[in-house]
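Undergrad: No letters, just coordinates:
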């Protein structure tokens, strides 16, 4: 993040994704008026454009409508899934008129950090952006219940044959590597040697039949393991 000239506080780079130009213009204006620490660095209006903009601009936060044209018809959830490789540094906050449980759960399952409706006030939206940028979750009050129902009860907990192939230690290493940790950082975090980390990573990739850290990140993100 860059810093504000006035306070030296970190600035948050935001990408706005919505297929309605009027909405994008309105959100940009609201953020300019209420978020001095927020920079809108770009806009996109469909799935392909959003995925391209995320990778080209590397924003800290993406404000994402869940219903978007293009791609395979998956809308916002498809955008998040296609950006699994950058979820460690770019956070997604859904901003939609929809308050259906299906839309909420699908985009959170894909990897978004929060979901607010377009009825939200400007100050509340800025606060949600700041919280998501800091790594926290942000939800409109009623929508949080959908997430708790779906994720808090274990309904979407990962129980699959692939994950079961890994030992407890391999799972710990896998999560850290998928989050972007360097081998040295994993070793320090788990109090093991770098050579041991390398051994575990090789075992994880072999057992999961993956060929790179990039593929591992996508695999872990798809299963909500990050």
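TA: Nice, I can see it. This structure is a prediction, so every number in the text was calculated from the model and none was measured.
Undergrad: ok now the helix or strand harbouring residue 204, how far from the chain's centre?
TA: Assigning secondary structure by DSSP states H and E places residue 204 in helix 194-208. With CA atoms, centre = their mean, to the nearest Å as the basis, helix 194-208 stands 25 Å off its chain's centre.
Undergrad: outside of it, which residues touch it?
TA: Outside of helix 194-208, the residues within contact range by CB atoms under 8 Å, 6 or more residues apart in numbering are 162, 165-166, 169-170, 173-174, 177, 183-184, 186-187, 190, 210-213, 216, 219. C-beta coordinates here come from the backbone N, C-alpha and C atoms, glycine included.
Undergrad: let's see 6 Å
TA: The contact list for helix 194-208, computed with CB atoms under 6 Å, 6 or more residues apart in numbering, reads 162, 165, 170, 173-174, 177, 183-184, 186-187.
Undergrad: leaving aside the residues next to it on the chain, what's closest to residue 79?
TA: Of all residues not flanking residue 79 in the chain, residue 50 sits nearest, at 4.6 Å (CB to CB, 6 or more residues apart in numbering).
Undergrad: Please identify which helix or strand holds the one you found.
TA: Take DSSP H and E as the rule and residue 50 turns out to sit in helix 47-57.
Undergrad: what's the offset of that helix from the middle of its chain?
TA: Centre-to-centre, helix 47-57 and its host chain are 14 Å apart (CA atoms, centre = their mean).
Undergrad: quick one: average pLDDT of the helix holding residue 204?
TA: For helix 194-208, mean pLDDT is 92.
Undergrad: Flag every buried residue along that helix.
TA: 196-197, 200-201, 203-205, 207-208 (16 or more other CB atoms under 10 Å).
Undergrad: among the contacts of helix 194-208, which two are most distant?
TA: Spanning the widest gap among the contacts of helix 194-208 are 162 and 184, at 27.1 Å by CB to CB.
Undergrad: So between the two, which is more surrounded?
TA: The neighbour comparison of residue 162 against residue 184 (other CB atoms under 10 Å) goes to residue 162, with 13 against 10.
Undergrad: Look at the more buried one and give its secondary structure.
TA: Under DSSP: H, G, I helix; E, B strand; the rest coil, the three-state class of residue 162 is helix.
Undergrad: Pull the contacting residues for it.
TA: Applying CB under 6 Å, 6+ apart to residue 162 gives the contacts residue 208.
Undergrad: and the nearest residue to residue 94 once chain neighbours are set aside, helix, strand or coil?
TA: Nearest non-adjacent residue to residue 94, counting by CB to CB, 6+ apart: residue 115, 4.1 Å away. Following three-state DSSP, residue 115 is assigned to strand.
Undergrad: which residues does residue 115 bridge with?
TA: Residues in a beta bridge with residue 115, per DSSP bridges, are residue 94, residue 139.
Undergrad: was I right about it contacting residue 143?
TA: Yes: counting by CB atoms under 6 Å, residue 115 touches residue 143, with 5.4 Å between them.
Undergrad: In terms of neighbours, single out the busier of the two.
TA: residue 115 (29 against 24).
Undergrad: Check the more buried one and give its pLDDT.
TA: Confidence at residue 115, expressed as pLDDT, is 92.
Undergrad: Residue 17 versus that one, what's the distance?
TA: Distance from residue 115 to residue 17, counting by CB to CB, to the nearest Å: 14 Å.
Undergrad: what's the answer for residue 210, then?
TA: As judged by CB to CB, residue 210 and residue 17 stand 29 Å apart.
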